[in-house]
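**Q** predicted model and sequence below, questions to follow.
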Amino acid sequence: MKRSKFYLIAPNYAESGTLETLPETDGLQILKNDDLVQSKLHFSTNDLVCITSEASIELVKQRIDDENKKNAISVLKDKYRFREILTEIIPDYNFRKLKFEEIASLDIQAKSVLKPSKGCFGTAVKTVSKESNFVQIAKDIKQELDKNSSVLSSEVLSENEFILEDYIDGEEYAVDMFYDHLGEPHIVNIYHHPMPKIEAYLHMIYYTSKSVFDSIYAKAMNFFRELNAILKVKNFTMHSEFRFSENKLLPIEINSMRFGGMGLGNMVYHSIGINPYVCFKTGKTPDWNKIWKEGINSKSIYAFFIAYNGRHINKNLYRPNIEKLKREFTEVLHHELFDYQKQLAFGVFYLKENWANLNKLLTIEFNDYFEQIGISH
């Protein structure tokens, strides 16, 4: 049998985070989109392929020989098609397509979620209800799309195709996992995603702990087994988002061929020393029972923190005050800073936290952590 190869594909100019925080991984070949375009490389069924960003997914899909993987990528990327297959698992879920120009005249009765059919970084995702001012919401969405489309390509962010779907109440969780060479699921991390006080900083904090795993691990494993009865994929990574309510775990979306973006997927390495790419390569699940029972881990909270650019900051006049922000954290395990002039955030931080401070961090206004250029403290 031909020996499988292991690749990580990254766009030439992508959102920062994953590569900067990547743990050293033997045998992992990192290629940029241009490298792949200029090569004759094709990926076999047994090859292990990950991406760092949705901006690589279509290019990689063109080079995949495995039809089940190609179909899974198409289905999962299109939020409408994904919801269609979900009806096999969750038959009573309501959703429909609409165009951008229909938003301003929407008339709905129940609380719902409006989102682009293709999306990233929470761009233009709105919770709406009967009382919503849809004319204003359409303007807000257009503004967000104009701002973020300069960083996110049309392959990642759709500006005209939208979905309106049932609002699922409950806590939000995310799971990084892969299917092995037999199609069996393996979970490499679970995160709770609490909502920040300011909606513009939606993805600011994800954290993991023993209680997070205890809450949904078994249900997530059951879902991934049911999903692969439909997709039938092998050697395939996924970052999945769920809502958990009334003891039910309901999927929101699934991102193919990657772990959590902007370095979220590397949190498990910088907090408890587990390399998710090694897990994928060896086809082995971390021993979570042992990890969460051993000593300090059993009561620890590990957090991933995105330091956004402030909402009302002129980046030509102001710069982030890194030291002021770091004083807000209990313990910084690792961090990477970005070029805030080119990115939507100025860095990511891996933290060891306590409950009280974690809740305090959720109230942060990043405008307060920028200073005038030429002034330092």
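**A** Thanks, I have it. As the structure is a computational prediction, the values presented were derived from the model and not from experiment.

**Q** list the contacts of the residue nearest to Phe259 when sequence neighbours are not counted.
**A** Distances taken as C-beta to C-beta, 6 or more residues apart in numbering place Gly265 nearest to Phe259, at 2.6 Å, with adjacent residues excluded. (Each C-beta comes from the backbone N, C-alpha and C, glycine too.) By C-beta atoms under 8 Å, 6 or more residues apart in numbering, the contact list for Gly265 reads 18, 176, 188-189, 239, 258-259, 276.

**Q** could you tell me which of those residues belong to strands?
**A** Counted as lying in strands by DSSP state E, out of those, are 176, 188-189, 239.

**Q** is it possible to export the residues you listed to JSON lines including neighbour count, distance to Leu106 and pLDDT?
**A** As requested, those are exported to JSON lines (neighbours: other C-beta atoms under 10 Å; distance: C-beta to C-beta, whole Å; pLDDT from 0 to 100):
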{"residue": "Asp176", "neighbour count": "26", "distance to Leu106": "34", "pLDDT": "98"}
{"residue": "Val188", "neighbour count": "25", "distance to Leu106": "39", "pLDDT": "98"}
{"residue": "Asn189", "neighbour count": "30", "distance to Leu106": "37", "pLDDT": "97"}
{"residue": "His239", "neighbour count": "21", "distance to Leu106": "30", "pLDDT": "97"}
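
**Q** closest to Phe280 among those?
**A** Distance to Phe280, by C-beta to C-beta, is smallest for Val188 among the ones in strands among the contacts of Gly265, at 7.6 Å.

**Q** gap between the nearest residue to that closest one once chain neighbours are set aside and Gly263?
**A** In space, and not counting its chain neighbours, Val188 is closest to Pro276: 4.1 Å by C-beta to C-beta, 6+ apart. Pro276 is 12 Å from Gly263, where distance means C-beta to C-beta, to the nearest Å.

**Q** can you tell me the distance between the two ends of stretch 87-94?
**A** Start-to-end span of stretch 87-94 (C-alpha to C-alpha, to the nearest Å) is 9 Å.

**Q** residue ranges of the strands in the stretch 101-250 of the chain, please?
**A** Ranges of strands in the stretch 101-250 of the chain, per DSSP state E, counting those that start in this stretch, are 112-116, 126-128, 161-166, 171-179, 185-192, 205-208, 236-245, 248-256.

**Q** list every C-alpha atom in the helix or strand of the chain with the lowest mean pLDDT, with coordinates, as PDB.
**A** Across the helices and strands of the chain, mean pLDDT, DSSP states H and E gives its lowest value to helix 134-148, namely a mean of 83. C-alpha atoms of helix 134-148 as PDB (Å, rounded to 0.1, in the frame of the first residue of the first chain):
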ATOM      1  CA  PHE A 134     -34.800  44.600   9.200                       C
ATOM      2  CA  VAL A 135     -34.000  47.800   7.200                       C
ATOM      3  CA  GLN A 136     -31.400  48.700   9.800                       C
ATOM      4  CA  ILE A 137     -30.200  45.000  10.000                       C
ATOM      5  CA  ALA A 138     -29.700  45.000   6.200                       C
ATOM      6  CA  LYS A 139     -27.500  48.100   6.500                       C
ATOM      7  CA  ASP A 140     -25.500  46.600   9.400                       C
ATOM      8  CA  ILE A 141     -24.900  43.400   7.400                       C
ATOM      9  CA  LYS A 142     -23.800  45.400   4.300                       C
ATOM     10  CA  GLN A 143     -21.400  47.300   6.400                       C
ATOM     11  CA  GLU A 144     -19.900  44.200   8.000                       C
ATOM     12  CA  LEU A 145     -19.600  42.500   4.600                       C
ATOM     13  CA  ASP A 146     -17.900  45.500   3.100                       C
ATOM     14  CA  LYS A 147     -15.400  45.600   6.000                       C
ATOM     15  CA  ASN A 148     -14.600  41.900   6.200                       C
END
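
**Q** just want the angle from that helix to strand 112-116.
**A** Interaxial angle, helix 134-148 versus strand 112-116 (axes from the mean of the first three to the mean of the last three C-alpha atoms, to 10 degrees): 30 degrees.

**Q** residues in contact with helix 134-148?
**A** Under the contact criterion C-beta under 8 Å, 6+ apart, helix 134-148 has outside partners 100, 103-106, 114, 116, 121, 123-124, 126, 128, 157, 159, 344.

**Q** what ranges does this structure have for its helices?
**A** 33-38, 57-62, 67-77, 79-86, 134-148, 210-231, 267-272, 276-282, 288-293, 322-326, 355-361 (DSSP state H).

**Q** how about the ones you listed, which one is nearest Phe349?
**A** Nearest of the helices of the chain (C-beta to C-beta): helix 322-326, 7.8 Å.

**Q** counting contacts, what elements does the closest one pack onto?
**A** strand 331-337, strand 345-353 (3 or more C-beta pairs under 8 Å, 6 or more residues apart in numbering; DSSP states H and E).
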